[in-house]
Structure formats: structure tokens, C-alpha cells
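>>> Give me the fold of what follows.
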Amino acid sequence: MDIFEMAIDSGMHVILDGRIGNEEYRSVVGSVQALQRFADALLKSVAHETHTTESDI
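Next up, the predicted model:
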């Protein structure tokens, strides 16, 4: 799961604020509707991963 890709696909903007050594600092901005789409996509992804993991047992 690439959380930044999910944010972009939901209509949010991911901004690289800076890099210090190996650490990256990013900001994510967007509308309330984009935040809702992101939350829905995240829940769907987690549910899919949980279902996949349970069926592998």
C-alpha cells in the first residue's frame, strides 16, 4: 500500500517540504471531500488486506 499514491488518487496534493539525510518531510493538502475519499480508500485497502490474510490461513 503506497499511502502517497492513495492520497494523490483521492485528489490530494503531496508536497515534498524537505529532506534531511534519509528522512523526507511531506505535506498533504486537499479538500474535505478528498480527505473522505482517502479515508474510504484506506478502509477498503485495509479490509482487502485483512480478507486476503485470513483466506491464506
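>>> What segments of this protein are strands?
Shown for the chain, the strands assigned by DSSP state E span residues 13-20, 23-29.
>>> now the helix or strand of the chain with the lowest mean pLDDT and strand 23-29, what's the angle there?
None of the helices or strands of the chain scores lower by mean pLDDT, DSSP states H and E than helix 32-55, at a mean of 88. With axes from the mean of the first three to the mean of the last three C-alpha atoms, to 10 degrees defining the directions, helix 32-55 sits at 120 degrees from strand 23-29.
>>> Residue 8 and residue 30, how far apart?
In this view, residue 8 and residue 30 are 9 Å apart by C-beta to C-beta, to the nearest Å. Yep, even glycine has a C-beta here, placed from its N, CA and C like the rest.
>>> And residue 24, by the same measure?
Residue 24 is 19 Å from residue 30, by C-beta to C-beta.
>>> Before I go, just wanted to say thanks for your time.
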